[in-house]
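*Asks:* structure for this input, please:
(chains A and B)
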Amino acid sequence: MRTEQARAAGLLAASAALLVAAVLVSLAAGAVPTPPGAVLDALRGRGDVGTVLTVRDLRVPRTLLAAAVGAALGVGGLLMQTVSRNPLAEPGLLGVTAGAGCALTVGVLLGAAASPAEQLALALVGAVAAAVVVLAVGGTSPLRTLLAGVALGLVLNGVSLGLRLATPPEVFDVYRFWSVGSLAGREQAPTTLPLVAIAVGLVAVVPLVRSLGTLALGDQVAAALGTRVGAVRVAASGLVALLAAAATALAGPIAFVGLLVPLVARWAARGSLALAVAFCLLAGPVVLIVADVLARVALPVGELPVAVVTAFVGGPVLILAVRRLARGEAR
Amino acid sequence: MTVVVRFGPVSARPGVRSLVVSSVLVVLAVLVGFVSLSRGAGWDPPSEVLGAFVGGGGSPVVVLQWRLPRVVAALVFGAGLGVSGAVFQNLTRNPLGSPDVIGLDAGAHTGALIVLTTLGGSALSLAGAALLGGLLAASVVLALAAGRSSGAGLRLVVVGVAVNAMLVALNSWIILRADLEVALAGAGWNAGSLNGVGWEDVGPALGVVVAVAVALVLLAPAIAQHDLGDGLAAGTGVELVRLRRLLVVVGAAASAVVTAVAGPILFVALAAPQIGRRLAGAAGTPLVPAAATGAVLLTTADLVARLAPAGRAVPVGVVTVVLGGLYLMALLAREVRTRW
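*Replies:* Just a heads-up that it's a prediction; the model follows:
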């Protein structure tokens, strides 16, 4: 037991160290690379004015956004996988973020997405609707649910793209990022409300962890242990939708982070849901910050949408997960 | 009830219903194509469109040089995609094992993009690279998904989804990395579009699709045996390994040539064979109804895409993705109770 605790503590410390390293790299990397010493100086407001401006007003907010979105996607994915007992469940792959994005697009078209509150509400409605449809079509099979999610995601993204192309460009100029997830320039938009929503969602997970942990044992065992199964399930699903909607409102649809992060977190946590949540809170930001750094330096000029990076990194993880799942089912 | 159709040494015994359905579908496709010919900024009266053909008025340049190549492309590409889908669905014995799902289209797009951005690329090298990329992607997916355990069909699709996601990401990276002009040309067919398709694009593609059709007619008896199961096919003298390889290449050629010209037009290859099969009431996944349905689907989707307000070009790929995705959802919802 002691060694188990020591292992968990070591892994947590390592994740935290990784997070710090990722944040430092994210502050240093960009179109104009900044050496680490200059970054630290700039954070304290010293050194070259341009560097101070770049680091404090652009890179710090952007890194914070990446961290928040990463945490939301990671924890959201873990919650969704726990509630549906489906190791492939992920808001991005299951079309939930696409639903949020599509609702936002329709909202812009109807002129109903003016304030951040309206945008968040629209994204939430879209996320919930998409999740309900996918889970209804998918039934109990993890693979079929995933397929239904991918199909719905394609449909919704197609609708968004079609609407975007069929209307005057000015209408959608500001909202282009909702078709492909990106963090570029997002720190300039109003971000307070979605950030608060993410914080609320992440805090609300804490009291749910114990009852969610019993769900993994099966509904009957969970009920016998005193868990109100239906209520816990609804609450957790609501949190998944909230986290996914807020992340989409901030950065647009980003897939695979919610698959990749919980996969690693559950391996590290060895069955403890509380530990897994903690790992997701640390690893989600790491993954998205690193992906965002790659997105910044991948092109000679300009940037790659971060969702492109996560898709490229996440594809192999999905293949791995499917092959493991298939082996488990065959056994 | 069946009838025997003979062309020299080749004979076929399609069901009467299959024959009737296919003929009706072909007529329907041509009719939709004709409606599409009369669609410009507004609608032209049919007499003017007909007039353009016989030289009695109307505007021959607009109808014959601008609109006709696009309509012919929609008919031919739709048929090509339908056939390609049917070939792969037969091969994998899986309604979801179509080229757009198993990464072939995305791979073909990658191949075409690489040639376009590095070599500049003639139509021929584009098509060749598309074929190569498509074959490579499809082989990787088929190899990764191989296995005897239950749920192999769905595993194929999920591996395809993963490889697709990676290739699409790679493609957008290539496009964004490229010079602006190349990138604009590439982005044009990123979503699958028939905008600006001219006769010089349609000609070679038409040749490939016809060649594919001839190859399939020659292979038809072996394909029919293959449909009966591996054991029976091998027992009646079909070289299964060789047949499968040939079919992969032929099926890939049909959809790669479409991708090389128009970009990845998704879901026609998935939906057309299944719709055609149900309409024809056939046991396997017959090729001719699949081709006819594909032509109807793509011409209709292109017509829908062109109904957008003037100057706002909606790629036909967007329309097929929306319609086909909904169809796939319906397929999944219906099969909840039956398989997997």
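*Asks:* quick one: what helix or strand has the closest residue to chain B within the stretch 151-300 of chain A in it?
*Replies:* Nearest residue of the stretch 151-300 of chain A to chain B (CB to the nearest CB) works out as A:Val155 at 3.5 Å. For glycine as for every other residue, the C-beta is placed from the backbone atoms N, C-alpha and C. Assigned by DSSP states H and E, A:Val155 belongs to helix A:142-166.
*Asks:* same thing with B:Leu154?
*Replies:* B:Leu154 belongs to helix B:152-177, assigned by DSSP H and E.
*Asks:* against which helices or strands is that helix packed?
*Replies:* With contacts taken as 3 or more CB pairs under 8 Å, 6 or more residues apart in numbering or on different chains; DSSP states H and E, helix B:152-177 sits against helix A:142-166, helix A:306-330, helix B:104-118, helix B:123-145, helix B:180-188.
*Asks:* highest average neighbour count across these?
*Replies:* By mean neighbour count, with neighbours taken as mean count of other CB atoms under 10 Å in any protein chain shown, helix B:104-118 ranks first of the helices and strands packed on helix B:152-177 at a mean of 26.
*Asks:* need the CA coordinates for that one. CSV is fine.
*Replies:* Only the C-alpha atoms of helix B:104-118 are listed here, as CSV (Å, rounded to 0.1, in the frame of the first residue of the first chain):
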residue,chain,number,x,y,z
LEU,B,104,-8.9,5.6,-49.3
ASP,B,105,-10.3,9.0,-50.2
ALA,B,106,-8.2,10.8,-47.6
GLY,B,107,-5.1,8.9,-48.7
ALA,B,108,-5.8,9.7,-52.3
HIS,B,109,-6.2,13.4,-51.4
THR,B,110,-2.9,13.3,-49.5
GLY,B,111,-1.1,11.8,-52.6
ALA,B,112,-2.6,14.4,-54.9
LEU,B,113,-1.7,17.2,-52.5
ILE,B,114,1.9,16.0,-52.2
VAL,B,115,2.4,15.9,-56.0
LEU,B,116,0.6,19.2,-56.4
THR,B,117,2.7,21.1,-53.8
THR,B,118,6.1,19.5,-54.7
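*Asks:* could you check the angle it makes with helix B:123-145?
*Replies:* Put simply, helix B:104-118 runs at 140 degrees to helix B:123-145, going by axes from the mean of the first three to the mean of the last three CA atoms, to 10 degrees.
*Asks:* mean confidence score for helix B:104-118?
*Replies:* Throughout helix B:104-118, pLDDT has a mean value of 87.
*Asks:* and stretch A:207-216, by the same measure?
*Replies:* Rounded mean pLDDT across stretch A:207-216 is 86.
*Asks:* list the buried residues of it.
*Replies:* Neighbour-count burial for stretch A:207-216, with 16 or more other CB atoms under 10 Å in any protein chain shown as criterion, is recorded at A:Leu208, A:Val209, A:Ser211, A:Leu212, A:Gly213, A:Thr214, A:Leu215.
*Asks:* show me where chain A has helices.
*Replies:* Taking DSSP state H as the test, the helices found in chain A are A:2-28, A:36-43, A:49-53, A:60-84, A:96-110, A:116-138, A:142-166, A:169-173, A:192-215, A:219-224, A:229-251, A:257-269, A:273-297, A:306-330.
*Asks:* for B:Ala291, find the nearest of those helices.
*Replies:* Nearest to B:Ala291 among these is helix A:142-166 (23.9 Å), distances taken as CB to CB.
*Asks:* for the closest one, which helices and strands make contact with it?
*Replies:* helix A:96-110, helix A:116-138, helix A:306-330, helix B:152-177, helix B:316-334.
*Asks:* and the ones you listed: which comes nearest A:Pro168?
*Replies:* Using CB to CB, the helices and strands packed on helix A:142-166 put helix A:96-110 closest to A:Pro168, at 10.6 Å.
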